[in-house]
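Novice: Have a look at this prediction, sequence included:
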Amino acid sequence: MKPKARNHALPDGEGSRSRGRPGGRPLLRAVALLGLLALAVLLLRSALERRARPDEALTLTGQTWGTTYSIILPRAPAAGRSALEEAIRREMSAVDQAMSRHREGSTVDLFNRWASTEPFPVPEGLAGVVAAAREVSERTGGAYDITIRPIVRLWGFDRDGLRVAPPAPEELASALERVGYRRLEVLRDPPALRKDRPDLEIDLSSIAKGYGVDRVCGLLEGLGHTDYMVEIGGDLRVRGRNPDGEPWRIGVERPAVERSEVHRVLRMESGALATSGEYRNFYDLDGLRVSHTFDARSGWPVAHAPTSIAVAAETCMEADAWATALNILGADEGLRLAGELGLAALFITADPGGGADAGDPMVARASPAFAERFPSGAAAAPSGAAATPPGAGGAPRPSGEPLVQGPGNGVAR
């Protein structure tokens, strides 16, 4: 009878070797070490790949100046986003503190209350904005005028509420006596404004939003961002490519009251676009359509057919002011002036007789500079296609959907 085999405790590895099979603790340790090394390599590769890939898009939306804003940075670093957002808010607040006509204590508010013809010190940026506005006034023969504030108040677009009847001729004449861009002088060194009558007032609603967009863009470029879209109250400026790596796609709105409809989609890699139109912000006064846009030469609201004007320019301040100015002039006079000055402008006018396409009651006419910059057919939208403005409701824009550009969805305040 054979003795029963017994299991003996052997030194590490000897039991395995005695059986002629690979294994043992040294081998297990080697395998574990190789596994850890492989994991470290994978983690390092993943980190390098994340560093090489473009950073994720950052979208910021919110409220400012009585309207909304939307900012898209396709390749924003993950680190420092809170600090970036705070810097943007500070930039917007600085513009508001200088140029708001509604904010008590703003520079514009204090200047309007300044009952003197002595120079009134202002920030350099504000002096530049007023100088740019005066140039547009000169070019339009005074139709566009930032000293329009008494007229705006007279017609009810202020804190006093809407009118129940048109102003009497003597009321209008009295208000017009306090309007005139030539009554306003811009001093540069040091920056200051001077009025030639103590009750002169200014209203920068037609140009301040565009300037604010430019200020934010300047901040972003100073921080090294080369791809962005900044939109405030319907005025926007872009640079570089969108999150899909393509040129920014901007939908120009048709003058439709009931809903937002895209007339045409523009592809942009640089520059600004602003629109103006009186087909939403208006009220009815005894059968008279009173829009929020006024001709400073007469003191009466714009009364031509509902029109949407889009102006493309290098800066948003320029585009903002000229969109309003051309809206005041109307399609015929505005197109003529845009052609003379080389402005890139598109006029979309409601026409009961029908437009170029059968059944389309819209007529679109572009200045030569606009037609050259955005060749027709390069990016067209289906007639009447509905769209959502950028940042509406705080929802992200679906990839590939154009940003909608229409008249400001609020007044710069």
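Specialist: Arrived safely.

Novice: What mean pLDDT does stretch 156-171 get?
Specialist: Taken as a whole, stretch 156-171 has an average pLDDT of 76.

Novice: now swap in stretch 307-315 and tell me
Specialist: Mean per-residue pLDDT for stretch 307-315: 93.

Novice: Would you check that residue 229 makes contact with residue 241?
Specialist: No - taking contacts as CB atoms under 8 Å, residue 229 lies outside contact range of residue 241: 10.1 Å. Yep, even glycine has a C-beta here, placed from its N, CA and C like the rest.

Novice: And those two? Which one has more around it.
Specialist: More crowded of residue 229 and residue 241, by other CB atoms under 10 Å: residue 229, with 24 against 17.

Novice: can you tell me how far the closest residue to residue 203 other than its chain neighbours sits from residue 108?
Specialist: The shortest distance from residue 203 to any non-neighbouring residue, by CB to CB, 6 or more residues apart in numbering, is to residue 149 (4.3 Å). Distance, residue 149 to residue 108, using CB to CB, to the nearest Å: 10 Å.

Novice: Give me the more crowded residue out of these two.
Specialist: residue 108 (26 against 23).

Novice: so the more buried one, which of the three states?
Specialist: Look at residue 108: counting by DSSP: H, G, I helix; E, B strand; the rest coil, its state is helix.

Novice: Can you work out which residues contact both of residue 149 and residue 108?
Specialist: Listed as contacting both residue 149 and residue 108 by CB atoms under 8 Å, 6 or more residues apart in numbering are 101, 202.

Novice: Can you give me the separation between residue 139 and residue 145?
Specialist: 12 Å.

Novice: out of the two, which sits in the more crowded spot?
Specialist: Per other CB under 10 Å, whichever of residue 139 and residue 145 has more neighbours is residue 145, with 28 against 16.

Novice: Per-residue pLDDT of the more buried one, please?
Specialist: 98.

Novice: Show me where this protein has its helices.
Specialist: For the chain, the helices defined by DSSP state H occupy 14-18, 25-52, 81-99, 107-113, 124-139, 149-154, 169-176, 208-222, 316-329, 331-341, 368-373.

Novice: where do the contact lists of residue 229 and residue 241 overlap?
Specialist: residue 248.

Novice: Is it correct that residue 123 is in contact with residue 98?
Specialist: Yes - in terms of CB under 8 Å, residue 123 counts as a neighbour of residue 98; the distance is 5.2 Å.

Novice: neighbour count winner among these two?
Specialist: Counted by other CB under 10 Å, residue 123 and residue 98 do not tie: residue 98 has more neighbours, with 21 against 15.

Novice: Please list all residues in contact with that one.
Specialist: Contacts for residue 98 (CB under 8 Å, 6+ apart) come out as 106-108, 122-123, 125-126.

Novice: how close does the nearest residue to residue 192 once chain neighbours are set aside sit to residue 111?
Specialist: Leaving aside its chain neighbours, residue 192 sits nearest to residue 119 (3.9 Å; criterion: CB to CB, 6+ apart). For residue 119, the distance to residue 111 equals 11 Å [CB to CB].

Novice: Those two - which one has more neighbours?
Specialist: Neighbour totals were compared for residue 119 and residue 111, and residue 111 leads with 22 against 15 (other CB under 10 Å).

Novice: Without its sequence neighbours, what residue ends up closest to that one?
Specialist: residue 120 (5.2 Å).

Novice: and what of residue 210?
Specialist: Once flanking residues are discounted, residue 210 sits nearest to residue 320: 2.8 Å by CB to CB, 6+ apart.

Novice: Equivalent analysis for residue 137, please.
Specialist: residue 181 (4.1 Å).

Novice: again with residue 212
Specialist: Excluding the flanking residues, the one nearest residue 212 by CB to CB, 6+ apart is residue 95, at 4.3 Å.

Novice: Might you report the residue contacts of the one you found?
Specialist: Residue 95 neighbours (CB under 8 Å, 6+ apart): 65, 125, 208, 211-212, 215.

Novice: Just the CA coordinates for stretch 113-123, please, in PDB.
Specialist: Coordinates of each C-alpha in stretch 113-123 appear next as PDB, following Å, rounded to 0.1, in the frame of the first residue of the first chain:
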ATOM      1  CA  ARG A 113     -29.300 116.300 -16.600                       C
ATOM      2  CA  TRP A 114     -26.300 118.600 -17.000                       C
ATOM      3  CA  ALA A 115     -27.900 122.000 -17.300                       C
ATOM      4  CA  SER A 116     -24.800 123.800 -18.600                       C
ATOM      5  CA  THR A 117     -23.000 124.400 -21.900                       C
ATOM      6  CA  GLU A 118     -19.600 123.800 -20.300                       C
ATOM      7  CA  PRO A 119     -17.700 120.600 -21.300                       C
ATOM      8  CA  PHE A 120     -18.900 117.500 -19.500                       C
ATOM      9  CA  PRO A 121     -16.100 114.800 -18.900                       C
ATOM     10  CA  VAL A 122     -17.000 111.400 -20.400                       C
ATOM     11  CA  PRO A 123     -15.100 108.100 -20.900                       C
END
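
Novice: can you pull the buried residues of it?
Specialist: 114, 120, 122 (16 or more other CB atoms under 10 Å).

Novice: gap between the closest residue to the first one other than its chain neighbours and residue 187?
Specialist: What that stands for is residue 114. Excluding the flanking residues, the one nearest residue 114 by CB to CB, 6+ apart is residue 120, at 5.0 Å. Counting by CB to CB, the gap from residue 120 to residue 187 is 9 Å.

Novice: And residue 178, by the same measure?
Specialist: Distance from residue 178 to residue 187, by CB to CB: 21 Å.

Novice: ok, so of the contacts of residue 95, who is nearest residue 135?
Specialist: Nearest to residue 135 among the contacts of residue 95 is residue 211, at 13.9 Å by CB to CB.
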